[in-house]
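Q: Below is the sequence, then the predicted model.
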Amino acid sequence: MPFPFALSRMILLFFIVITNAISAVLAAITFHEKTGGAFQALAICFDILSLLTVIGCLCYQCASRDEEVSNTRNLCLSGICGLFGIAASLTVHARQDGGMGICNDFANAGNPCVHAGAQICMAYVSPVLASVGFIISWIDKFPGAVKVMPRYPITKAPSSHFAAHGHDVDESYTRPTLKASSRSRNNSGWTDAPLNC
């Protein structure tokens, strides 16, 4: 993965986590004020599931540090976060009821419509960021986006079956040589082999 793609994905994941956390905290305020309902509980569940998806994927990536990161994992992470974000935004949007329904959830807060507007904004920003992350992962997945070259150019095919199968060649091994006697040249078909007894 090239550095700009990886950096942009990490920045997007950071902002997805921030927007989901803010949206969940704003929805939790309604329960603290005892004005929240089923829509706010559903929005909290979607935000927490999105947060757990990001945290789980990052923990798995840290646990398997030696393994190469696949673009499939990045596509799945962005797609799942986007789906949870769309579900949360549809839930918050359904709660609006013509513009004032969600403001009633924040009725006991200091400025109810500002809190409601912030929750709606965070609910819509999260899937947008996830879709941008999905597009970046998709672009990075195409061959040719990154030209992979071996560290040292391979100039010829392996010359032995050891090299072809990745076995180490024993450097101390020397091939035994057979000395042919003069009698073996005269007798075609028979050779003398020394017996070391």
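A: It's in. Numbers count the residues shown, from 1 in each chain.

Q: Show the contacting residues for the residue lying closest to Ser131 once chain neighbours are set aside.
A: Of all residues beyond its chain neighbours, the one nearest Ser131 is Gly82 (5.3 Å), with distances taken as C-beta to C-beta, 6 or more residues apart in numbering. Yep, even glycine has a C-beta here, placed from its N, CA and C like the rest. Each residue near Gly82 by C-beta atoms under 8 Å, 6 or more residues apart in numbering is listed here: 127, 130-131, 133-134.

Q: ok, Gly82 to Ala28 distance?
A: Distance, Gly82 to Ala28, using C-beta to C-beta, to the nearest Å: 23 Å.

Q: what's downstream of the helix or strand that contains Thr72, the next helix or strand?
A: Element membership for Thr72 (DSSP states H and E) is helix 71-95. Using DSSP H and E, the helix or strand that follows helix 71-95 towards the C-terminus is helix 101-105.

Q: list the buried ones in that next one?
A: By 16 or more other C-beta atoms under 10 Å, the buried positions in helix 101-105 come out as 102-103, 105.

Q: same thing with stretch 106-126?
A: Buried residues in stretch 106-126 (16+ other C-beta under 10 Å): 106, 109, 112, 115-116, 119-126.

Q: and the residues you listed as CSV, adding pLDDT?
A: Formatted as CSV, the buried residues of stretch 106-126 follow (pLDDT from 0 to 100):
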residue, pLDDT
Phe106, 78
Ala109, 74
Pro112, 80
His115, 82
Ala116, 83
Gln119, 86
Ile120, 86
Cys121, 89
Met122, 89
Ala123, 88
Tyr124, 91
Val125, 93
Ser126, 91
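
Q: need the residues you listed in TSV with secondary structure and distance to Asn74, can you?
A: Listed next are the buried residues of stretch 106-126 as TSV, based on DSSP: H, G, I helix; E, B strand; the rest coil; distance: C-beta to C-beta, whole Å:
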residue	secondary structure	distance to Asn74
Phe106	coil	36
Ala109	coil	37
Pro112	helix	39
His115	helix	33
Ala116	helix	33
Gln119	helix	28
Ile120	helix	28
Cys121	helix	26
Met122	helix	23
Ala123	helix	23
Tyr124	helix	22
Val125	helix	20
Ser126	helix	17
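
Q: Would you mind listing the buried residues in the helix holding Thr72?
A: 71, 74-75, 77-89, 91-92, 95.

Q: Could you pull up the residues touching Ser64?
A: With C-beta under 8 Å, 6+ apart, Ser64 has no contacts at all.

Q: pLDDT score for it?
A: Note on Ser64: pLDDT of 77.
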